[in-house]
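Asker: sequence? don't have it. structure:
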């Protein structure tokens, strides 16, 4: 095979890999409506105990048999906290960094639009988050119940809008 044909074949294979990656990424988004960037609508959300954060952005990416989530919160005090985890939907504990309420998360998929996240601190359940994406895929409601790092009872409803 001439070097010219090898070069053409190499370019063709490279393009095929790049296109295939894009198609897989697009199909992952279609398969999981949670994939993407979400912003908290503070006005539609309820925080007990308060105060509500000034803002929160979630970036949810496909990872293995689960998700990678990067959460950036600007608290009521103006301080920014970034929490990150990568976990599979298998109910096992995975580490989370940057979250004062938990050091591990465990994920379960209830159905295509509903997932449950259990946060633990020191091996004990601290918070349970039920996350439901609307039928039109534009809104995600996150209900959080449990105890925060200060020992206060938490009963939050966060309404997020897909960007």
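Answerer: Alright, I've got the coordinates. Note that the coordinates shown come from a computational prediction; the quantities given were computed from them, not determined experimentally.
Asker: beta partners of residue 160?
Answerer: Assessed by DSSP bridges, residue 160 has beta-bridge partners residue 40, residue 140.
Asker: pretty sure it sits against residue 41.
Answerer: Yes: between residue 160 and residue 41 there is a contact at 6.9 Å, judged by CB atoms under 8 Å. Just so you know, the C-beta spots here come from the backbone N, C-alpha and C atoms, and that holds for glycine as well.
Asker: quick one: contacts for residue 81?
Answerer: Shown in contact with residue 81 (CB atoms under 8 Å, 6 or more residues apart in numbering): 72-73, 75, 98-100.
Asker: quick one, helices of this protein?
Answerer: Assigned by DSSP state H, the chain shows helices spanning 3-31.
Asker: circling back to that earlier point, closest to residue 60 among the contacts of residue 81?
Answerer: Closest approach to residue 60 among the contacts of residue 81 (CB to CB): residue 72, at 12.5 Å.
Asker: okay, and the beta partners of that closest one?
Answerer: Judged by DSSP bridges, the bridge partners of residue 72 are residue 57, residue 82.
Asker: tell me how far residue 157 lies from residue 64.
Answerer: Look at residue 157 and residue 64: by CB to CB, to the nearest Å, they are 29 Å apart.
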